[in-house]
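Trainee: Generate a structure from the sequence data that follows.
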Amino acid sequence: MTEPLKFTPLHAEHKNLGAKLVPFAGFEMPVLYNGIVREHQAVREAAGLFDVCHMGELELSGPDAARVANELVTNDLDRIEPGQAMYACCCNERGTVLDDLILYKRSETSVLVVCNASNRDKISAVFRARASATCSVDDVSDATALLALQGPKAFDVLARAGNPELAAGLGRFRFTEVVIGSVRCTVARTGYTGEDGVELFCKTTDAVALWRQLVEAGTPLGLLPCGLGARDTLRLEARLPLYGNDIDETTNPLEAGLGIFVKLDAADFVGREALLEVKGRGLTRRLVGFEMLGRGVARHGYPVLDAQGKPVGTCTSGSPSPTLGKAIGLCYLPTEMANVDQEFFVDCRGKAIAARVVKTPFYKRPATR
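Mentor: Numbering: from 1, shown residues only. Okay, here's the model as predicted:
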């Protein structure tokens, strides 16, 4: 029997704004309000506001909180200070990816872990199985709201909401406790769009007030509410992986291009031995970015072909790029075909369309911002 869809605390706001709502990870979520391209451009040029309350949040508490987290992720919490966040993968013993996470180190005894909505139960079970008498793991997802304010004017929006000091005082992948408008939040300089911006945690009961105050402050600056459609095109241009598409339990973080977040020289973690073996014998494939050379759009699941028409992989993500004006995508290719400028074909509904490997990220925000 199909489980009924869940609603985020902002569901009524989305309906009032005329959003198109679709099922996503067990929730009814907005895919667009004013059009994907318009929302995408708002984030690149001004600011966009996203409801990401569907994400999962786990709180690790106790003297062993940081140690327990370190045993389960590929990155190293010992390398960051309280008030910093880090990206990491959580792997199984085979070294393949159970989920990709952001960990927020409040102290050695308190760590907040944010996981993908579709993996909330799985990751919660993994962390609880590792918990000890000196480290508790609490799923606080239902009590926690998460909004993402992204774009070059994100901090101007926060200034209009009463926090002009945040832009200068909050470094990348750092977080702090502040009041935005009337709502107490944890504000982190993190995001999933390739732009500057923040993600804001608050109580579920405060989500509507925070959303409305940010919309009011940001609308004169060009802010738009944004849905899942723009979130996907933005993250693809920035070459940020999507779990279930680009990474999953059949892929390892090294072949996915996430080796910078795998600290094999750090303390032992689940999957480390398997990843050492992968590194020792060498990769057989790599996740690469590509652009379409012919008329066609590569989509998730489309076969990838070599020059002789032999299947050599599968497109994991693909879309027209609103910023670049061309169709782009990600796919795994054999290592001998994974070099920049290598040409191949994508089977787009029975038609072999030429494509070329390119450097990624496809888009990088201007350094002057």
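Trainee: give me every residue that touches the residue most central in space within the chain.
Mentor: Central residue of the chain (CA atoms, centre = their mean): residue 192, 4.7 Å from the mean position. Residues in contact with residue 192 (CB atoms under 8 Å, 6 or more residues apart in numbering) are 148, 150, 231, 234-235, 238, 240. In this view, the C-beta of every residue, glycine as well, is placed from N, C-alpha and C.
Trainee: Restricting to C-alpha, output stretch 110-130 in PDB.
Mentor: Below are the C-alpha coordinates for stretch 110-130, written out as PDB (Å, rounded to 0.1, in the frame of the first residue of the first chain):
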ATOM      1  CA  SER A 110      27.300  17.800  19.600                       C
ATOM      2  CA  VAL A 111      27.100  17.200  15.800                       C
ATOM      3  CA  LEU A 112      24.200  17.900  13.500                       C
ATOM      4  CA  VAL A 113      24.000  15.600  10.500                       C
ATOM      5  CA  VAL A 114      21.800  16.500   7.500                       C
ATOM      6  CA  CYS A 115      21.000  13.700   5.100                       C
ATOM      7  CA  ASN A 116      18.800  13.400   2.000                       C
ATOM      8  CA  ALA A 117      15.100  12.900   2.600                       C
ATOM      9  CA  SER A 118      15.000   9.600   0.700                       C
ATOM     10  CA  ASN A 119      17.700   8.200   2.900                       C
ATOM     11  CA  ARG A 120      16.500   9.500   6.300                       C
ATOM     12  CA  ASP A 121      15.400   6.100   7.700                       C
ATOM     13  CA  LYS A 122      18.500   4.300   6.300                       C
ATOM     14  CA  ILE A 123      21.000   6.800   7.600                       C
ATOM     15  CA  SER A 124      19.200   7.100  11.000                       C
ATOM     16  CA  ALA A 125      19.500   3.400  11.400                       C
ATOM     17  CA  VAL A 126      23.200   3.400  10.400                       C
ATOM     18  CA  PHE A 127      24.000   6.100  13.000                       C
ATOM     19  CA  ARG A 128      21.900   4.600  15.700                       C
ATOM     20  CA  ALA A 129      23.600   1.200  15.200                       C
ATOM     21  CA  ARG A 130      26.900   2.900  15.900                       C
END
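Trainee: What residue, apart from its backbone neighbours, is nearest residue 47 spatially?
Mentor: With sequence-adjacent residues excluded and distances taken as CB to CB, 6 or more residues apart in numbering, residue 47 is closest to residue 151, at 3.6 Å.
Trainee: dump the residue contacts of that neighbour.
Mentor: Neighbouring residues of residue 151 by CB under 8 Å, 6+ apart: 42-48, 193, 195-197, 223.
Trainee: Also residue 218?
Mentor: Residue 218 neighbours (CB under 8 Å, 6+ apart): 47, 49, 149, 153, 157, 160.
Trainee: where does the residue nearest to the centre of the chain sit relative to residue 199, distance-wise?
Mentor: From residue 192 over to residue 199 the distance is 8 Å, taken as CB to CB, to the nearest Å.
Trainee: Find residues that contact each of the two.
Mentor: Residues touching both residue 192 and residue 199 by CB under 8 Å, 6+ apart: residue 148.
Trainee: Next, find the distance separating the closest residue to residue 99 other than its chain neighbours from residue 352.
Mentor: Beyond its immediate neighbours in the sequence, the residue positioned closest to residue 99 (CB to CB, 6+ apart) is residue 119, lying 4.2 Å away. Taking CB to CB as the measure, residue 119 and residue 352 are separated by 35 Å.
Trainee: Tell me which residues of the lowest-mean-pLDDT helix or strand in the chain come out buried.
Mentor: Of the helices and strands making up the chain, the lowest-confidence element is helix 166-169, at a mean of 88, by mean pLDDT, DSSP states H and E. Neighbour-count burial for helix 166-169, counted by 16 or more other CB atoms under 10 Å, picks out residue 166.
Trainee: cool, and stretch 112-129?
Mentor: Neighbour-count burial for stretch 112-129 flags 112-120, 122-124, 126-127 (criterion: 16+ other CB under 10 Å).
Trainee: go on, stretch 15-25?
Mentor: If you call a residue buried by 16+ other CB under 10 Å, then stretch 15-25 has these buried ones: 19, 21, 24-25.
Trainee: Between the two ends of it, how far is it?
Mentor: Start-to-end span of stretch 15-25 (CA to CA, to the nearest Å) is 19 Å.
Trainee: outside of that stretch, which residues touch it?
Mentor: By CB under 8 Å, 6+ apart, stretch 15-25 touches 5, 14, 28-33, 54, 116-118, 225, 227-228.
Trainee: before we move on, what about stretch 80-90?
Mentor: 72-75, 77, 79, 97-108, 115, 123, 126, 173-176, 188, 190, 247, 253, 258, 261-262, 270.
Trainee: Could you list the buried residues of stretch 170-190?
Mentor: Taking 16+ other CB under 10 Å as the neighbour-count basis, stretch 170-190 is seen to contain the buried residues 170, 173-175, 178, 180-181, 183, 185-190.
Trainee: returning to what we had before: secondary structure, pLDDT and distance to residue 303 for the buried residues of stretch 15-25 - can I get that in CSV?
Mentor: Below are the buried residues of stretch 15-25 laid out as CSV (DSSP: H, G, I helix; E, B strand; the rest coil; pLDDT from 0 to 100; distance: CB to CB, whole Å):
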residue, secondary structure, pLDDT, distance to residue 303
19, coil, 98, 34
21, strand, 98, 32
24, strand, 97, 25
25, coil, 95, 26
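Trainee: between these, which is closest to residue 66?
Mentor: residue 25 (28.2 Å; CB to CB).
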